[in-house]
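In: Take this sequence and fold it.
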Amino acid sequence: MASANDLLHHAVIAARRAGAYLRATPRPDPSAWTMKGRADWATEVDRTAEGLIAETLLAATPGAMIIGEELSPEVVTRGLVWVVDPLDGTTNFLHGFPAYSVSIAAAVDGVLEAAAVLHVPLDRLTTATRGGGAFENGAPIRVSAITEPSHALIGTGLPFKDFGRVDEYLTQLRRVIEAASGVRRPGSAAIDLADVAAGRFEGFWEQRLSAWDMAAGTLLVREAGGRVTDFQGRDRGVEHGAVLAGNPAIHAWLLGLITAVGDGRGGAVP
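Out: The predicted model follows:
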């Protein structure tokens, strides 16, 4: 089995290849957008980027499996598995809003070993290996040292697929707004988690994410000294569901606030 550093090397090559393609590709005409669900778009751009990533990773690691939204959405936790989102923030990309990313994680028997998130418009690469720390464009990063909620900037993601828990979310949002310094919603969970790892956000929460939305970001935050759990405080792995991340102090505060609203499942994906 390849080392974590080798896996990261392959992930970075694949992310860079997909990122170069995305930067060179004009926004597709709306007539070419495909709606997978309400406000959930796919285009040939997503599919081509994922194909480039799959080609790169499978050539480097024959026999590995790849899970991702376009190719194989079933979560697998046996052997070497690449967890891929070729374009996290598709809606942003389609509208020319400069916040979208390529997210790639490597897991071995369900344990996250390496991760790369490329913020495509900024060409900002955030990486991590298990036990090896987290880095941004090669420089070590750590989560924020801010521990007071009133000083904290918190990231979030708005419900857009399933509105069954929107009232629960709005109550959470109001409580965070009332207590924190500010709340931001860029529209790419992978970027949001990278921002937690780099200390730009003190915390982040979102309901009902898929494994490929957060697998890479989960390792980034952990290796930068933060915590990543579901809304019940259980550590996240390669799985679908809700996510709550932050430096240890803000994570604990945010977890208490979020779990006081609803049943704590956070719109878990079946």
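
In: For the protein, which segments count as strands?
Out: Assigned by DSSP state E, the chain shows strands spanning 34-37, 40-42, 65-68, 80-88, 101-108, 111-119, 124-129, 133-136, 139-140, 153-156, 182-184, 203-209, 227-229, 241-246.

In: so what's E202 up against?
Out: Residues counted as contacts of E202 (C-beta atoms under 8 Å, 6 or more residues apart in numbering) are 143-144, 146, 151-154, 196, 246-247, 250. Placement of C-beta: from N, CA and C, glycine included.

In: Export the strands of the chain as CSV, with columns for mean pLDDT and distance to E74.
Out: Shown next, in CSV, are the strands of the chain (pLDDT from 0 to 100; distance: least, C-beta to C-beta, whole Å):
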stretch, mean pLDDT, distance to E74
strand 34-37, 56, 16
strand 40-42, 54, 17
strand 65-68, 94, 7
strand 80-88, 97, 11
strand 101-108, 98, 14
strand 111-119, 99, 18
strand 124-129, 99, 25
strand 133-136, 99, 28
strand 139-140, 99, 35
strand 153-156, 98, 28
strand 182-184, 98, 32
strand 203-209, 94, 16
strand 227-229, 98, 22
strand 241-246, 96, 15
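
In: And the contacts of the lengthiest helix in the chain?
Out: Counting residues, the longest helix found in the chain (DSSP state H) is helix 4-24. By C-beta under 8 Å, 6+ apart, the list of residues contacting helix 4-24 from outside reads 2, 45, 48-50, 52-53, 56-57, 60-61, 80, 82, 86-87, 93, 100, 102, 104-106, 113-118, 120-121, 123, 125, 127-132.

In: which residues sit in contact with N247?
Out: Going by C-beta under 8 Å, 6+ apart, N247 touches 143-147, 196, 199, 202-203, 225-227.

In: whoops, P159 was the one
Out: Contacts of P159 by C-beta under 8 Å, 6+ apart are 165-166, 169, 207-208, 267.

In: If you go by neighbour count, which of those are buried?
Out: Taking 16 or more other C-beta atoms under 10 Å as the criterion, what is buried in these is 165, 169, 207-208, 267.
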